[in-house]
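*Asks:* structure of the sequence below:
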Amino acid sequence: MHQYTRRQYLGCMPPPGVSARNIHHRAHRTGWLRAAVLGANDGLVSTSSLMIGVAFSGVSTGIILTAGLAGLTAGAMAMAAGEYVSVSSQSDIEKADEAMEAEHQRIDPEGELDELTEIYEERGLPRELARQVAEKMHEKDALAAHLRDELGQYTHTKARPAQAATASAISFLAGGLIPFLGMIANSSSSRIVAMVVVTVIGLALAGLLGARAAGTRLLPPTLRVMLGGSAAMAATALIGHLAHVRGI
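*Replies:* Numbers count the residues shown, from 1 in each chain. Predicted coordinates for the structure are as follows:
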């Protein structure tokens, strides 16, 4: 069996028999993937923590379900709104930078050409070749060249508020529904155990899917998601138990 080199394992080189053209980068997934992973993880952790915390306070099954549904609905709406506002701010910055760069092009096109030449020089091109490349880029689309090479703005990584908000809300709902599976258990104590078990399994799946979509190693991000979520559940359970003991 062929032993992959470290570069092949890390995705820098394609495996034997696979064309490099068939190996796709994943930077275009950054916006929605971050929102989806965050939403699924938050849905799992916040909903399960809320339900477990309420369950530890000794209330009835109906109250636990009501608290879970309220938390699920409020959380999904909050995640969508938060993502939309946050990513919209990023989009506003990108648009402001684009407008400023367009104004620079209008006022001092020669200076902007010199600036682009220096950028290519700093990346290793000889002065003459850097100038030629900069001139060709200006002939084609000066603004696009500066947005890309000076400011680091790329079409496939641009901020998309609606996409991020939708991904976050849907993934929150998907993750938040998992803890409800634990409510099928018979007794209150077994329900708590079942909620914890299904939530940990859900966290593991969320970590694995996120790592897979990002094209990174599976174990470190999966353990990170599981440990963080478990700690949140434990803290909320403790608070619910203390509230029950003190009669709050």
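
*Asks:* helix or strand with the lowest mean pLDDT in this protein?
*Replies:* Ranked by mean pLDDT, DSSP states H and E, the weakest helix or strand in the chain is helix 6-9, scoring a mean of 40.

*Asks:* beyond it, next helix or strand please.
*Replies:* Taking DSSP states H and E as the definition, the helix or strand that follows helix 6-9 towards the C-terminus is helix 30-56.

*Asks:* and the next helix-or-strand element following that next one, how far from the chain's centre?
*Replies:* Towards the C-terminus, the helix or strand next in line after helix 30-56, according to DSSP H and E, is helix 61-107. Mean C-alpha position of helix 61-107 versus that of the full chain (C-alpha atoms, centre = their mean, to the nearest Å) differs by 12 Å.

*Asks:* for helix 61-107, packing partners?
*Replies:* Counting contacts by 3 or more C-beta pairs under 8 Å, 6 or more residues apart in numbering; DSSP states H and E, helix 61-107 packs against helix 30-56, helix 109-122, helix 127-149, helix 161-177, helix 188-214. Heads up, the C-betas are built off the backbone N, CA and C, glycines and all.

*Asks:* would you mind finding the most buried of those helices?
*Replies:* Greatest average neighbour count among the helices and strands packed on helix 61-107 goes to helix 30-56 (a mean of 24), per mean count of other C-beta atoms under 10 Å.

*Asks:* relative to helix 188-214, how tilted is that helix?
*Replies:* Put simply, helix 30-56 runs at 170 degrees to helix 188-214, going by axes from the mean of the first three to the mean of the last three C-alpha atoms, to 10 degrees.

*Asks:* pLDDT of helix 30-56, averaged?
*Replies:* Per-region confidence: helix 30-56 scores 78 on mean pLDDT.

*Asks:* compare the mean pLDDT across the helices and strands packed on helix 61-107 and name the weakest.
*Replies:* Mean pLDDT across those is lowest at helix 30-56; the value there is a mean of 78.

*Asks:* pretty sure residue 173 sits against residue 74.
*Replies:* No. Applying C-beta atoms under 8 Å as the test, residue 173 and residue 74 come out as separate, 11.7 Å apart.

*Asks:* residue 181 and residue 201, how far apart?
*Replies:* Summarising the geometry, the distance separating residue 181 from residue 201, computed by C-beta to C-beta, to the nearest Å, is 9 Å.

*Asks:* which residues sit in contact with the residue nearest to residue 181 when sequence neighbours are not counted?
*Replies:* Leaving out its chain neighbours, the residue that sits closest to residue 181 by C-beta to C-beta, 6 or more residues apart in numbering is residue 198, at 4.7 Å. With contacts taken as C-beta atoms under 8 Å, 6 or more residues apart in numbering, residue 198 has the following neighbours: 178, 179, 181, 182.
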